[in-house]
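**Q** Need coordinates for the below:
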Amino acid sequence: MDFTTLIPQFSGFIWTLAAFVIALSVIVAIHEYGHYIVGRWCGIKADVFSLGFGPVLYSRFDKHGTKWQIAALPFGGYVKFAGDANAASGKDEAAMDEAAADPEQLRATMHGAPLWARALTVLAGPVFNFALSIIVFAAIALSLGTVREPLTVEAIKPLPVQVEGLQKGDILQSIAGGDVPQPVGSVEYHAFMDALPLEPVLEYTVLRDGQLLTVEGPYPQPAIVGGVGPETAALEAGLETGDVITAIDGRETFAFRQLKDAVEGGGGAPLLLDVWRDGETLQFTLVPKSTDEPQPDGGFKNVLRIGISSDSAITAATDTPGLWEAAQRGVAGTWRIITGSLSGLYHMVTGAISSCNMSGPVGIAKVSGAMASQGPVNFINFIAVLSTAVGLLNLFPIPALDGGHLTFYAYEAVAGKPPSDKALRILMSIGITLVLSLMVFALYNDLFCP
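**A** Reported below is the predicted structural model:
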């Protein structure tokens, strides 16, 4: 056996694991810090802030008496507040008995704090996850900018056949005789692009230096790879961002919709792609995969996909948005993930889409590695998406999750007293069983779903 063949696989595994640990550590740290800092603001003392579980690798005490530690197993974390019952040997019970004799000391414990303080402390973890996502999406909007209106040419992307005509600074007025709708990305804009004649070269009317000119330019939505999705046929075949697909099964191709039609109409049969990359023509064979794709009406449609996104032949000029606009984009991006996740879960429960759409730790780790390999912006964006998902999951009213604790507090607010210890033990056991069952089910999907 040639062990040198295992080196790329091993390095790929290490890369995937490292990306997963980094992504998870950031999300867990933000989540637990939300619990910690809001608890402290509410007058509740934290005994331990741990990033990871198991043997402690490093620890220190701060001026508030909190022990900050990094543990050996970097797959989670926790905050142990004063009075929490997760310490060994009954130490917390003794501390609670001692605190009961001192009202001020009792007030600094989780169980002795007012209901509002406990609720805010628990709610803070998911809220901080959402805040991280909003900040990241807003920062990405600030760094990448927003497309200038009207649509203005910044550059023409490298293509196998360069069409001289469009220049930097040209303001697009019309393409193939039709006025270009604004804004870019609107429903009207996409409908306009889909209706353009399928020709490799089209006429553009542009405003250049105050004059209207008619020039030639490439088809605006060529068969160019704008991005490669994780765990997709394109990624497995080796396609890269910037690749231009010039032929499918020997048929000349220049438009992305030609590629889409070939994938959807091929019945899942293997496709032979001729790909232009940095002046060289390569060939790739890949098999489209069936996927449940969200629709504008909130439903899902099962379609065949190879896992690439489209891109424009034109790099559009951008403007830096204001802070308020960037914040709005951050909130909108986070809200889309929340609503999309809830819709997907609903459709899985009702059987409208496959439960294989739910990923476990192995699937998330694979996506982490794939996103990290595509650059820091994609990886940071993935962390923001995952952070929203973690925050949303923790709000589900399942005992043992933050949402379960909030449900108990809601009961206490209505009934005037917390659930009995016996009821809490039973409910927590049920909650832990549900969470573990969900984890096993997701892991099963990772290992056995196609």
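
**Q** what about residue 344, which helix or strand?
**A** Using DSSP states H and E, residue 344 falls within helix 323-349.

**Q** In this structure residue 16 contacts residue 371, no?
**A** No - using C-beta atoms under 8 Å, residue 16 and residue 371 do not qualify as a contacting pair, with a distance of 10.4 Å. C-beta coordinates here come from the backbone N, C-alpha and C atoms, glycine included.

**Q** Of the two, give the one with the bigger neighbour count.
**A** residue 371 (23 against 19; other C-beta atoms under 10 Å).

**Q** so who does that one touch?
**A** 19, 230, 378-379, 381-382 (C-beta atoms under 8 Å, 6 or more residues apart in numbering).

**Q** Looks to me like it is in a strand.
**A** No - counting by DSSP: H, G, I helix; E, B strand; the rest coil, residue 371 falls outside a strand, being helix.

**Q** helix/strand/coil for the residue nearest to residue 411 when sequence neighbours are not counted?
**A** Nearest non-adjacent residue to residue 411, counting by C-beta to C-beta, 6 or more residues apart in numbering: residue 419, 6.1 Å away. Judged by three-state DSSP, the three-state class of residue 419 is coil.

**Q** pretty sure residue 419 is touching residue 408, no?
**A** Yes - with contact defined as C-beta under 8 Å, residue 419 and residue 408 form a contacting pair (5.9 Å).

**Q** Between these two, which contacts overlap?
**A** residue 427.

**Q** what's the longest helix seen in the chain packed up against?
**A** Looking across the chain with DSSP state H, the single longest helix is helix 6-41. Counting contacts by 3 or more C-beta pairs under 8 Å, 6 or more residues apart in numbering; DSSP states H and E, helix 6-41 packs against strand 46-61, strand 67-81, helix 115-144, helix 361-373, helix 376-394.

**Q** Toward the C-terminus, what is the element adjacent to the third one?
**A** Next helix or strand after helix 115-144 toward the C-terminus (DSSP H and E): strand 146-147.

**Q** Show me what the mean pLDDT comes to for that next one.
**A** Taken as a whole, strand 146-147 has a mean pLDDT of 90.

**Q** how much distance is there from the longest helix of the chain to the middle of the chain?
**A** Counting by C-alpha atoms, centre = their mean, to the nearest Å, helix 6-41 is centred 14 Å from the centre of its parent chain.

**Q** relative orientation of that helix and helix 361-373 in degrees?
**A** Orientation of helix 6-41 against helix 361-373 (axes from the mean of the first three to the mean of the last three C-alpha atoms, to 10 degrees) gives an angle of 100 degrees.

**Q** State the mean pLDDT of helix 6-41.
**A** For helix 6-41, mean pLDDT is 85.

**Q** Buried residues in it, which are they?
**A** 16, 19-20, 23-28, 30-40 (16 or more other C-beta atoms under 10 Å).

**Q** by contact count, what packs against the helix holding residue 344?
**A** helix 115-144, strand 289-294, strand 300-305, helix 376-394.

**Q** Indicate which one of those is closest to residue 450.
**A** Among the helices and strands packed on helix 323-349, the nearest to residue 450 by C-beta to C-beta is strand 289-294 (7.8 Å).

**Q** Does residue 273 belong to a helix, a strand or coil?
**A** In three-state terms, and counting by three-state DSSP, residue 273 is strand.

**Q** Now do it, the pLDDT please.
**A** 96.

**Q** so which helix or strand takes in the residue nearest to it when sequence neighbours are not counted?
**A** Spatial nearest neighbour of residue 273, excluding adjacent residues (C-beta to C-beta, 6+ apart): residue 284 at 4.9 Å. Using DSSP H and E, residue 284 sits in strand 280-286.

**Q** buried residues in that strand?
**A** So strand 280-286, judged by 16+ other C-beta under 10 Å, has buried residues 284, 286.

**Q** neighbouring strands for that strand, and are they parallel or not?
**A** Strand 280-286 pairs in its sheet with strand 271-277 (antiparallel), by DSSP bridges.

**Q** ok, and what's touching the partner strand?
**A** So strand 271-277 is contacted by 159-160, 239-240, 242-250, 262-263, 281-288, 306 (C-beta under 8 Å, 6+ apart).

**Q** Equivalent analysis for stretch 348-361, please.
**A** With C-beta under 8 Å, 6+ apart, stretch 348-361 has contacts from 20, 75, 292, 299-300, 302, 344, 347, 367, 439, 441-446, 449-450.

**Q** average pLDDT for it?
**A** Across stretch 348-361, pLDDT averages out at 87.

**Q** gap between the two ends of that stretch?
**A** 19 Å (C-alpha to C-alpha, to the nearest Å).

**Q** By average pLDDT, which secondary structure element in this protein comes out worst?
**A** helix 91-100 (a mean of 53; mean pLDDT, DSSP states H and E).

**Q** where in this protein is pLDDT low?
**A** 1-11, 85-101 (pLDDT under 70).

**Q** Show me which positions of stretch 68-81 end up buried.
**A** 69, 71, 74, 77-81.

**Q** If we ignore the residues flanking it in sequence, what's nearest the residue nearest the centre of the chain?
**A** For the chain, the residue sitting closest to the mean C-alpha position, by C-alpha atoms, centre = their mean, is residue 385 at 2.4 Å. Nearest residue to residue 385, sequence neighbours excluded (C-beta to C-beta, 6+ apart): residue 337, at 5.8 Å.

**Q** Outline the domain layout of the protein.
**A** Following automatic domain parsing, the chain resolves into domains at 113-145+321-450, 147-218, 227-313.

**Q** Reformat those into CSV and put distance to residue 105 next to each item.
**A** Compiled in CSV, those are given as follows (distance: least, C-beta to C-beta, whole Å):
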stretch, distance to residue 105
domain 113-145+321-450, 12
domain 147-218, 57
domain 227-313, 50
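
**Q** wait, which of those is closest to residue 58?
**A** domain 113-145+321-450 (22.9 Å).

**Q** First-to-last residue distance for that closest one?
**A** 49 Å.

**Q** Look up the closest residue to residue 110, ignoring the ones flanking it.
**A** Once flanking residues are discounted, residue 110 sits nearest to residue 81: 4.0 Å by C-beta to C-beta, 6+ apart.

**Q** Could you pull up the residues touching that neighbour?
**A** By C-beta under 8 Å, 6+ apart, the neighbours of residue 81 are 39, 44-47, 109-110, 121.

**Q** Apply 10 Å and report the result again.
**A** 35-36, 39-40, 44-48, 66, 92, 108-111, 113, 118, 121 (C-beta atoms under 10 Å, 6 or more residues apart in numbering).
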